[in-house]
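Asker: What follows is a predicted structure for the sequence shown.
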Amino acid sequence: MSESTAVIERREHDAKTAFGFWMYIMTDCVLFATLFAVFAVLRNNTFGGPSGRELFDMPYVLGETLFLLTSSFTCGLAMLAVQRKDRPKVLFWLAVTFLFGTAFLVLELTEFRHLVIEGNGWRRSGFLSSYFTLVGTHGFHIIVGLLWMGVLMVKVRAGLTGALVRRLTLFSLFWHFLDVVWIFIFTIVYAIGVA
Amino acid sequence: MTEQIENTRSRKLPSDATGSPTKYVTGFMLSVVLTVITYLLVTHHSFSRETIIVAIMGLAFLQFIVQLFFFLHLGSDTRPRWKLYVLLFMLLIVGIIVIGSLWIMNHLNYHMDMEHVHEYLNAQDNL
């Protein structure tokens, strides 16, 4: 066996940290599940107001979805660069991920803005309250992810240390998880809403 | 001897758990295809609403599995597969919350006496 005990110990420690973070992600899934349950219960309570069929613009939402999906993919490419210790590539792919993530957020906030301006804010109906809570909570996670990514990018510029690699691994888990949650928002909120 | 081999293998795995280019590209392509199929199903109303809903829920679940495997690298977990066990427990809780809420709330709707609801709403309007 060529690996030293120190390396093995560090890896085992990293694996434990990753598992702890995985536990957090699973509990966050439960949080989203409760919001999905609320939405599913209130989806038809439009109180005479518009339903998803009138409000949602599917081509627009498909664009949002593809932006987020691409950012999840490029985040994976950044992690491959981390494995190779290729610092410029890590920075490049993180920047691309950040760009697509920001594009997604801008599209989402623009959508929210249109809804509110047209009088279809969260106060309009039970359906819209649950819609804004569910999609807004996801959007809040995206904002936190973008901030975290920004901090990591600054740190990567200074050098790829072992501790930083561990943090990048946790970040990639978080970012992929947000895309997984979005699959269900896309399907349950938007696709079924217009079906 | 076998135990030693087991050990080396399980110790090597955490570093392998970050994936390969082919894995990410495959995962990405599959996700795009599944998303676009969902999109086409709901924008071209060629089937009944019920069929479409069942189909797109199936597609969402499929994409969930795809991303778990290709992006979150669940398959490369070391034994014992704690990540998988926690995930399955999470799915159980999620199932109880979502299905339970829908079941109870639909049941309550079913038992609501609409006559009384209308009377109540009329009284509110007259106030």
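Answerer: Good, I have the coordinates.
Asker: Quick one: low-confidence residue ranges for chain B.
Answerer: Within chain B, the stretches with pLDDT under 70 are B:1-18, B:113, B:127.
Asker: Buried residues, the longest helix seen in it. List them.
Answerer: Longest helix in chain B, counting residues (DSSP state H): helix B:82-111. Neighbour-count burial for helix B:82-111, counted by 16 or more other CB atoms under 10 Å in any protein chain shown, picks out B:83, B:86-87, B:90, B:94, B:97-98, B:101. C-beta here means a position set from N, CA and C on the backbone, and glycine is covered the same way.
Asker: Give me the helices and strands touching that helix, please.
Answerer: Here helix B:82-111 touches helix A:5-42, going by 3 or more CB pairs under 8 Å, 6 or more residues apart in numbering or on different chains; DSSP states H and E.
Asker: what angle do the helix it packs on and helix B:82-111 make?
Answerer: Counting by axes from the mean of the first three to the mean of the last three CA atoms, to 10 degrees, helix A:5-42 lies at 10 degrees to helix B:82-111.
Asker: Could I get the buried residue list for helix A:5-42?
Answerer: Quick answer for helix A:5-42 (16+ other CB under 10 Å): A:8, A:11, A:14-15, A:18, A:21-22, A:25-26, A:28-29, A:32-33, A:35-42.
Asker: Report all helices and strands that it contacts.
Answerer: Counting by 3+ CB pairs under 8 Å, 6+ apart, helix A:5-42 packs on helix A:126-158, helix A:162-184, helix B:2-16, helix B:82-111.
Asker: now those as a markdown table including distance to B:Phe28?
Answerer: Output for the helices and strands packed on helix A:5-42, formatted as a markdown table (distance: least, CB to CB, whole Å):
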| stretch | distance to B:Phe28 |
| --- | --- |
| helix A:126-158 | 18 |
| helix A:162-184 | 10 |
| helix B:2-16 | 20 |
| helix B:82-111 | 21 |
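Asker: Go through those and name the closest to B:Ser48.
Answerer: B:Ser48 lies closest to helix B:82-111 among the helices and strands packed on helix A:5-42, at 20.6 Å (CB to CB).
Asker: How far off centre is that closest one?
Answerer: Centre-to-centre, helix B:82-111 and its host chain are 12 Å apart (CA atoms, centre = their mean, to the nearest Å).
Asker: How far away from the center of its chain is the very next helix or strand once past that helix?
Answerer: Using DSSP states H and E, the helix or strand that directly follows helix B:82-111 along the chain is helix B:114-126. Its chain's C-alpha centre and that of helix B:114-126 lie 40 Å apart, by CA atoms, centre = their mean.
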